[in-house]
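# No sequence on hand, only this structure:
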């Protein structure tokens, strides 16, 4: 393994170098010149509010239409006498210089009532299934027992539940988060709502169990990474025409928003829709996939998926110079896919990412034939976002993400007990794979370069992680080594809790109807020791350290059929996996190829 560890150190060094260079670049270019600032102060404070607004628009247009430099007095004088010009300018103002968002009333009471209804349902379900849940019970409703849970570390442990049961706490967090977010609370308030809901459940509702450390982490972090991305996705579908497909996706993307739509329908229309322009890329995909794992025969599957990306910055991709710090959500991504074979669903993949705040900078100019002044009243402002742009746009922000892979070959019968050794993982095939990675927080850099028909986008991320990861080598180690009881989830279900890092990058090149996309993603996992639910039964020498790594490459080439919303995509993917326990290591390679037909919204 020395060469693998050397590779890790090199990767860390390169990532630090790249991130350091990006930080210096942003620091260098993050301020307007003093002359620009003085001009804004001098010219933006005179005249009526309407005249200042119009002057701001005129100054913006003059950057791309020099012949308008001397036309401001004429525009100002004809503003009230030319309804068509006024309409175009107002549309322009809303599109490129949106005013402050209308402050919607925060509905704390409704958020609490919806959360309370959720707790009533979940608590009832918990006690109805008490014969199953009592396996987790260790404490009584007495002061002596409860103070151990509230005041001492002995009452907080990583639980011994199944992988599926534990990762779905992230989805519960997303629901808690949207009870608040869909009632007009901001990101911070919604995160605290999700965080508080998780603590209330762990400390109060499950008063007979240990406080689950993994649940307390997974629920609020999953809440903000998944919850914010589906909240923005729900807003996206509410901004589109109410077709049958959009209505279905509107509900599936965010049922909490749909509930509030129904509650508000008598007073407000499209309450949660985007109020300004934004960039999006949403696609439905279907097609065959072929897998080949080293030492195994190849397999064929049917892949069905949904992909979405939303940049919620009205100025993105539009001509002009912009330089600002954004406290609201900048970018969200949500991908979901299922892979099927003759036996049903073989694999589920989920990826969610939210860029919570950051710095945005853009400098784009329009090139091409000049526009005659006579055209000013005939809608030329509406076509300012065409393929005649040259420049760059980037944002540097703080992001949180969630990633899941779970395939059906890992499914095992439930163990009769959750204590170490009660389960049997000998039936797991070598190609078993599953992990749930919570990218807690990290920097992300997203750069787009525009050059007429050519568009190049480059993204790089780095995160600190908390993960549930299937050990790539434990099954083999268990057959070869002698040891006593070890981590309960490892022995019974084949996975363990880990801290680690994620590094990823993406390059996308669009030219005319062609699209090339390349992705690289690296994970490093290091197990957490000494905090198992049954730690008192595990000897120190048997609570051994585990390490896993995975490196995934993905290349695809797409062609969009002219005058249609359809895209044809061919792709290749390779995944390298390493696992280490003490002196035993294992490495495998899985290759995939796929063909997809994508419907682009």
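Yep, it's here. Model, not experiment: these values are computed from the prediction.
# make it CA atoms for all contacts and neighbour counts henceforth
OK.
# Now do the domain split for the chain, please.
Here the chain is described, according to automatic domain parsing, as comprising the domains 2-30+274-600, 37-81, 108-252.
# which stretch in those is the model least sure about?
Taking the average pLDDT of each of the domains of the chain, the minimum falls on domain 37-81, with a mean of 45.
# can you pull out the helices in the stretch 351-500 of the chain?
Secondary structure of the stretch 351-500 of the chain (DSSP state H, counting those that start in this stretch): helices located at 474-480, 488-493.
# And residue 107, how close does it get to residue 460?
37 Å (CA to CA, to the nearest Å).
# I misspoke; the intended subject was residue 487.
Using CA to CA, residue 487 is found at 35 Å from residue 460.
# neighbour count winner among the two?
residue 487 (29 against 21; other CA atoms under 10 Å).
# show me what contacts the more buried one?
Residues near residue 487 by CA atoms under 8 Å, 6 or more residues apart in numbering: 420, 496, 532, 534-535, 538, 543.
# for residue 504, same thing?
Applying CA under 8 Å, 6+ apart as the definition, the contact partners of residue 504 turn out to be 460-462, 519-522.
# so what's it bridging to?
With DSSP bridges as the criterion, residue 504 is bridged to residue 461, residue 521.
# still on that earlier bit, residue 182: which of the contacts of residue 504 is nearest?
Sorting those by distance to residue 182 puts residue 461 at the head of the list, at 28.2 Å, by CA to CA.
# need the contact list for that closest one.
Residue 461 makes contact with 442-445, 502-505, according to CA under 8 Å, 6+ apart.
# And it, how close does it get to residue 304?
Computed as CA to CA, the residue 461 to residue 304 distance reads 26 Å.
# returning to that earlier point: could you export the contacts of residue 461 to a markdown table, including columns for distance to residue 588?
Listed next are the contacts of residue 461 as a markdown table, based on distance: CA to CA, whole Å:
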| residue | distance to residue 588 |
| --- | --- |
| 442 | 29 |
| 443 | 30 |
| 444 | 30 |
| 445 | 31 |
| 502 | 20 |
| 503 | 20 |
| 504 | 20 |
| 505 | 22 |
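# Would you point out the most distant pair within those residues?
When those are compared pair by pair using CA to CA, the farthest-apart members prove to be 445 and 502, with a separation of 14.4 Å.
# Okay, and the beta partners of the closest residue to residue 472 other than its chain neighbours?
Distances taken as CA to CA, 6 or more residues apart in numbering put residue 579 closest to residue 472, at 4.9 Å, once the chain neighbours are dropped. Partner residues in beta bridges with residue 579: residue 548, residue 586, with DSSP bridges as the criterion.
# what about residue 579, neighbour count?
Counted with other CA under 10 Å, residues neighbouring residue 579 total 21.
# circling back: what would the helices of the stretch 351-500 of the chain look like in JSON lines with mean neighbour count?
Below are those laid out as JSON lines (neighbours: other CA atoms under 10 Å):
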{"stretch": "helix 474-480", "mean neighbour count": "15"}
{"stretch": "helix 488-493", "mean neighbour count": "25"}
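# mind giving me CSV with those helices and columns for distance to residue 146?
Output for the helices of the stretch 351-500 of the chain, formatted as CSV (distance: least, CA to CA, whole Å):
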stretch, distance to residue 146
helix 474-480, 36
helix 488-493, 24
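# Select, out of those helices, the one closest to residue 255.
Taking CA to CA, helix 488-493 is the member of those nearest to residue 255, at 32.2 Å.
# Show me what that closest one is packed against.
In terms of contacts (3 or more CA pairs under 8 Å, 6 or more residues apart in numbering; DSSP states H and E), helix 488-493 is packed against strand 495-511.
# make it 10 Å
The elements that helix 488-493 packs onto, with contact taken as 3 or more CA pairs under 10 Å, 6 or more residues apart in numbering; DSSP states H and E, are strand 454-470, helix 474-480, strand 495-511.
# Around residue 483, count how many other residues there are.
Neighbouring residues of residue 483 were enumerated by other CA under 10 Å; the total is 12.
# got the contact list for the closest residue to it other than its chain neighbours?
Distance criterion CA to CA, 6+ apart; nearest residue to residue 483, sequence neighbours excluded, is residue 542 at 6.0 Å. For residue 542, the contacting residues are 482-487, by CA atoms under 10 Å, 6 or more residues apart in numbering.
# Tell me what the spatially closest residue to residue 497 that is not a sequence neighbour is bridged to.
Spatial nearest neighbour of residue 497, chain neighbours left out: residue 468 (4.8 Å); criterion: CA to CA, 6+ apart. The bridge-partner assignment for residue 468, based on DSSP bridges, gives residue 436, residue 497.
# Residue 468 is in contact with residue 527, isn't it?
Yes: distance between residue 468 and residue 527: 9.4 Å, which falls inside the contact criterion (CA atoms under 10 Å).
# mind checking how far stretch 318-337 is from the chain centre?
13 Å (CA atoms, centre = their mean, to the nearest Å).
# Give me the sheet partners of the strand ranked longest in the chain and which way each runs.
As far as residue count goes, and with DSSP state E defining each element, the longest strand of the chain is strand 344-366. Each strand that pairs with strand 344-366, with its direction, by DSSP bridges: strand 320-326 (antiparallel), strand 331-341 (antiparallel), strand 389-407 (antiparallel).
# Need the winner for burial among those.
Using mean count of other CA atoms under 10 Å, the stretch among these with the largest mean neighbour count is strand 389-407, at a mean of 22.
# Could you check how far that one is from the centre of its chain?
8 Å.
# and that strand with strand 454-470, angle?
Note on geometry: by axes from the mean of the first three to the mean of the last three CA atoms, to 10 degrees, strand 389-407 and strand 454-470 are set 20 degrees apart in direction.
# Nearest the geometric middle of the chain, what residue?
Geometric centre of the chain, nearest residue: residue 353, 1.2 Å, by CA atoms, centre = their mean.
# OK, contacts around that residue?
224-230, 309, 331-335, 399-403, 439.
# Report the separation between residue 448 and residue 393.
With the distance defined as CA to CA, residue 448 ends up 5 Å from residue 393.
# Can you work out which residues contact both of those two?
Overlap between the neighbourhoods of residue 448 and residue 393 consists of 316-317, 362, 457, taking contacts as CA under 10 Å, 6+ apart.
# Can you tell me which of those is nearest residue 283?
residue 457 (17.8 Å).
# For that closest one, which non-adjacent residue is spatially closest?
Leaving aside its sequence neighbours, residue 457 sits nearest to residue 448 (CA to CA, 6+ apart; 4.3 Å).
# Correct me if wrong: that neighbour contacts residue 508.
Yes: here residue 448 lies in contact with residue 508, judged by CA under 10 Å, at a distance of 9.3 Å.
# just how off-centre is stretch 569-589 within its chain?
A distance of 24 Å separates the C-alpha centroid of stretch 569-589 from that of its chain, computed with CA atoms, centre = their mean.
# buried stuff in that stretch?
Under the neighbour-count criterion of 16 or more other CA atoms under 10 Å, stretch 569-589 has 569-575, 577-581, 585-586, 588-589 buried.
# Same question for stretch 173-190.
Buried residues in stretch 173-190, counting neighbours by 16+ other CA under 10 Å, are found at 173-185, 187, 190.
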